[in-house]
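Colleague: curious how this folds, go ahead:
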Amino acid sequence: RLHAQAVRALPPFAALLEPIGASTREPSFAGSDVTPLVVAGALGLGAKQDTTGYWPIHHTEADTVDKIDPQALRKNVASYTVAAWWMAETLDLPEAAVR
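Modeller: Okay, here's the model as predicted:
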């Protein structure tokens, strides 16, 4: 199964993210935004970072683009870029997943 394959392959992937401090791997709760996808079998990956300033406004009217932390955004973009590359190069994805 893809999820089990991905979990086994995580250590080298995590090592790629050490330079930006994003190499921690741990089970986590995805929240209402993503949980249904993970339950349906999608692989869930998330960037762990300090969100103390974000959670008080999360999903409120104050949750606007001007609140974006540029440094956190750069780290997220780097993390997800590495994740996309890693999955494409490492995982044996079913044909339907790459169309």
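Colleague: can you pull out the helices in the protein?
Modeller: Along the chain, counting by DSSP state H, helices occupy 2-16, 35-39, 70-90.
Colleague: by mean pLDDT, show me the worst of those.
Modeller: Of all these, mean pLDDT reaches its minimum on helix 2-16 (a mean of 73).
Colleague: next, the angle helix 70-90 makes with that one.
Modeller: On the basis of axes from the mean of the first three to the mean of the last three CA atoms, to 10 degrees, helix 2-16 is oriented at 130 degrees to helix 70-90.
Colleague: check which helices and strands helix 2-16 is in contact with.
Modeller: helix 70-90 (3 or more CB pairs under 8 Å, 6 or more residues apart in numbering; DSSP states H and E). All C-beta spots, glycine's among them, are computed from the backbone N, C-alpha and C.
Colleague: packing partners for the helix it packs on?
Modeller: Helix 70-90 sits against helix 2-16, with contacts defined as 3+ CB pairs under 8 Å, 6+ apart.
Colleague: what distance separates the helix it packs on from the centre of its chain?
Modeller: When distances are taken as CA atoms, centre = their mean, to the nearest Å, helix 2-16 is centred 12 Å away from the chain's centroid.
Colleague: again with stretch 56-75
Modeller: Taking CA atoms, centre = their mean, the mean C-alpha location of stretch 56-75 is offset from the chain mean by 16 Å.
Colleague: circling back: can you say which of the helices of the chain is nearest to S23?
Modeller: Closest approach to S23 among these (CB to CB): helix 2-16, 4.3 Å.
Colleague: before we move on, the earlier item: adding distance to T51, write the helices of the chain out as a markdown table.
Modeller: Below are these laid out as a markdown table (distance: least, CB to CB, whole Å):
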| stretch | distance to T51 |
| --- | --- |
| helix 2-16 | 20 |
| helix 35-39 | 18 |
| helix 70-90 | 8 |
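Colleague: tell me which of these lies nearest to H58.
Modeller: For those, distance to H58 was read as CB to CB. The smallest value, 13.6 Å, belongs to helix 70-90.
Colleague: buried ones in the closest one?
Modeller: Neighbour-count burial for helix 70-90, counted by 16 or more other CB atoms under 10 Å, picks out K75, N76, A78, S79, V82, A83, W86, M87.
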